[in-house]
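Chemist: prediction below, plus the sequence it came from.
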Amino acid sequence: EAQVTQNPRYLITVTGKKLTVTCSQNMNHEYMSWYRQDPGLGLRQIYYSMNVEVTDKGDVPEGYKVSRKEKRNFPLILESPSPNQTSLYFCASSPGTGLYSPLHFGNGTRLTVT
Amino acid sequence: GENVEQHPSTLSVQEGDSAVIKCTYSDSASNYFPWYKQELGKRPQLIIDIRSNVGEKKDQRIAVTLNKTAKHFSLHITETQPEDSAVYFCAASKGHNDMRFGAGTRLTVKP
């Protein structure tokens, strides 16, 4: 089944403890991105990748890192999580980098930082 | 950069009635406008999209209209059903790295 898989679905951690949220897609998509969803703010882009080894900042990149060493995986790294990073996170992928390629979202990761 | 405003934030309708959600955008260069539906606890999923060279697009009970001059676009759902209850997001884009989402509309369809 074609899908975007995120893990874990739920994560509770403490301030400063490094964590990684994994994202994998099995559709051979070129484009991948990370969003955070907060009440009243919609979906805001954190980082995106147009292809392997090509990543760039979105609207809210502070406190996050990503890597794209292979086409299928796009992990989101929080080196030192803080409570303001408590949010619902979505990974998304797209067949191409063209304007009209639809985004396919993962199931989300609900992160709580205490 | 692009700024997308979405109204209303919540909308409650009776089953069978129509629902309309409106979005405005700021960047006149935006030329792609997708709509996503997010059911409770699930991922956002594309339900319909429209390109700037088209004024209206329909897919069964769902339609989207675009007014480029006024920089606004709307989602219309006719004959609403309880399964239409969800959060709906509009977005405007010049490219994937430029896609901006509205804040979302929580639609409730009462049986």
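Modeler: Received it, and whenever you're ready, just let me know what you need.
Chemist: nearest spatial neighbour of residue A:79, chain-adjacent residues omitted?
Modeler: Using C-beta to C-beta, 6 or more residues apart in numbering or on different chains and skipping residues adjacent in sequence, the residue nearest residue A:79 is residue A:18, 5.5 Å away. C-beta coordinates here come from the backbone N, C-alpha and C atoms, glycine included.
Chemist: next structured bit after the helix or strand bottoming out on mean pLDDT in chain B?
Modeler: Comparing every helix and strand of chain B by mean pLDDT, DSSP states H and E singles out strand B:100-101 as the least confident one, with a mean of 92. Downstream of strand B:100-101, the next assigned helix or strand under DSSP states H and E is strand B:105-110.
Chemist: can you give the strand pairings for that following strand, parallel or anti for each?
Modeler: Strand B:105-110 has its sheet partners listed here by DSSP bridges as strand B:10-14 (parallel), strand B:86-92 (antiparallel).
Chemist: what residues does chain A put near chain B?
Modeler: A:31, A:33, A:40-45, A:48, A:50, A:56, A:58-59, A:90, A:94, A:97, A:99-103, A:105-108 (C-beta under 8 Å from any C-beta of the partner chain).
Chemist: buried ones among these?
Modeler: Buried members of those, counted by 16 or more other C-beta atoms under 10 Å in any protein chain shown: A:31, A:33, A:42-45, A:48, A:50, A:58-59, A:90, A:94, A:97, A:99, A:101, A:103, A:105-106, A:108.
Chemist: and stretch A:96-114, C-alpha only, in CSV?
Modeler: Taking C-alpha atoms only, stretch A:96-114 is exported to CSV below (Å, rounded to 0.1, in the frame of the first residue of the first chain):
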residue,chain,number,x,y,z
GLY,A,96,7.4,15.7,-8.0
THR,A,97,8.6,19.2,-7.2
GLY,A,98,6.1,20.7,-9.6
LEU,A,99,3.5,23.1,-8.5
TYR,A,100,0.5,20.8,-9.1
SER,A,101,1.8,17.6,-7.4
PRO,A,102,-0.5,16.7,-4.5
LEU,A,103,0.8,16.3,-1.0
HIS,A,104,0.4,13.0,0.7
PHE,A,105,0.5,13.2,4.5
GLY,A,106,1.5,10.7,7.2
ASN,A,107,-0.7,9.9,10.1
GLY,A,108,0.9,12.5,12.4
THR,A,109,3.0,12.5,15.6
ARG,A,110,1.7,14.1,18.7
LEU,A,111,4.7,15.4,20.7
THR,A,112,4.5,16.7,24.2
VAL,A,113,7.5,18.4,25.8
THR,A,114,7.3,18.9,29.5
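Chemist: quick one, phi/psi of residue B:44?
Modeler: When quoted as degrees, to the nearest 10, the phi and psi of residue B:44 stand at phi -70, psi 140.
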